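Undergrad: Dropping the sequence and predicted coords here.
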Amino acid sequence: MVKKVSPRAASPLEAAAGLFDNPLAGTIKDSAQQIWLAGLGAFSKAQEEGGRVFDALVQEGVSLQRKTQSAAGEKLGAVSAQVSARMAEVGQKVEEVSAKATGQWDRLETIFEERVAKALASLGVPQASEVRELTAKVDQLSAQLAKLTAAPSRPTRKTAVPRPAVKPVKTTLKPRAPKKT
């Protein structure tokens with residue numbers, strides 16, 4: 001059986017051409033035409049004023065670069081100040097810890113010296129102060145001895161002291177009796 005074709009559209013081109021016949025399509029067509037003309041006008045204006053616009057854009061770029069460099073410099077200065085402050089705090093903490101460690105070492109050294117001195121004293125080893133005192137006494141006695149030996153400048157005559165004569169002792173040995181067992 002044969003089908004009848006509907007008389008609505010004979011070809012796709014004819015159907016598309018019918019779309020442009022309504023009032024909405026006309027408005028859209030007019031708007032597109034205006035947009036196209038505005039673009040051509042902007043292009044023409046850009047060609048005429050291209051050099052001036054380029055120079056103005058360069059000036060704006062230079063100004064923006066200066067502002068950003070200034071802002072970056074300020075931020076860098078602020079960060080640098082913060083880092084310096086933190087470094088000062090760290091340096092102070094290091095000094096505190098160092099002082100504590102030095103104090104601990106001094107305390108340990110004192111304890112060690114006290115214990116060594118106590119051990120030496122228990123062994124009878126004289127302390128340095130005692131050795132100095134003895135050295136001073138020996139020096140003093142040596143000086144006194146030197147004075148005494150150097151004082152008599154003329155020879156003195158010694159007189160002999162008579163000693164009593166020793167008598168020989170006679171002993172008689174008696175034989176011992178044998179031990180009884």
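TA: Cool, the structure landed.
Undergrad: going forward, measure contacts between C-alpha atoms and count neighbours the same way
TA: Noted.
Undergrad: where does residue 125 fall, helix, sheet strand or coil?
TA: coil (DSSP: H, G, I helix; E, B strand; the rest coil).
Undergrad: Need phi/psi at it.
TA: phi -80, psi 130 (degrees, to the nearest 10).
Undergrad: Just give the number of residues close to it.
TA: 13 (other Cα atoms under 10 Å).
Undergrad: what do you get for residue 69?
TA: With other Cα under 10 Å as criterion, residue 69 counts 12.
Undergrad: Within the helices and strands, which one has it?
TA: helix 23-123 (DSSP states H and E).
Undergrad: Pull the distance from whichever helix or strand comes after that helix to the chain's centre.
TA: Counting by DSSP H and E, the element after helix 23-123 in chain order, helix or strand, is helix 128-150. Taking Cα atoms, centre = their mean, to the nearest Å, one finds the center of helix 128-150 at 57 Å from the center of the full chain.
Undergrad: Any stretches of the protein with poor pLDDT?
TA: Along the chain, segments meeting pLDDT under 70 span 1-21, 151-162, 164-178, 180-181.
Undergrad: Skipping adjacent residues, who's closest to residue 46 in space?
TA: Nearest non-adjacent residue to residue 46, counting by Cα to Cα, 6 or more residues apart in numbering: residue 53, 7.8 Å away.
Undergrad: Relative to residue 47, how far out is that neighbour?
TA: 10 Å (Cα to Cα, to the nearest Å).
Undergrad: same check, this time on residue 29
TA: On the measure of Cα to Cα, residue 29 and residue 47 end up 27 Å apart.
Undergrad: Also residue 78?
TA: 46 Å.
Undergrad: One more: residue 138?
TA: Residue 138 is 116 Å from residue 47, by Cα to Cα.
Undergrad: swap in residue 135?
TA: Counting by Cα to Cα, the gap from residue 135 to residue 47 is 112 Å.
Undergrad: before we move on, what about residue 68?
TA: For residue 68, the distance to residue 47 - Cα to Cα - is 31 Å.
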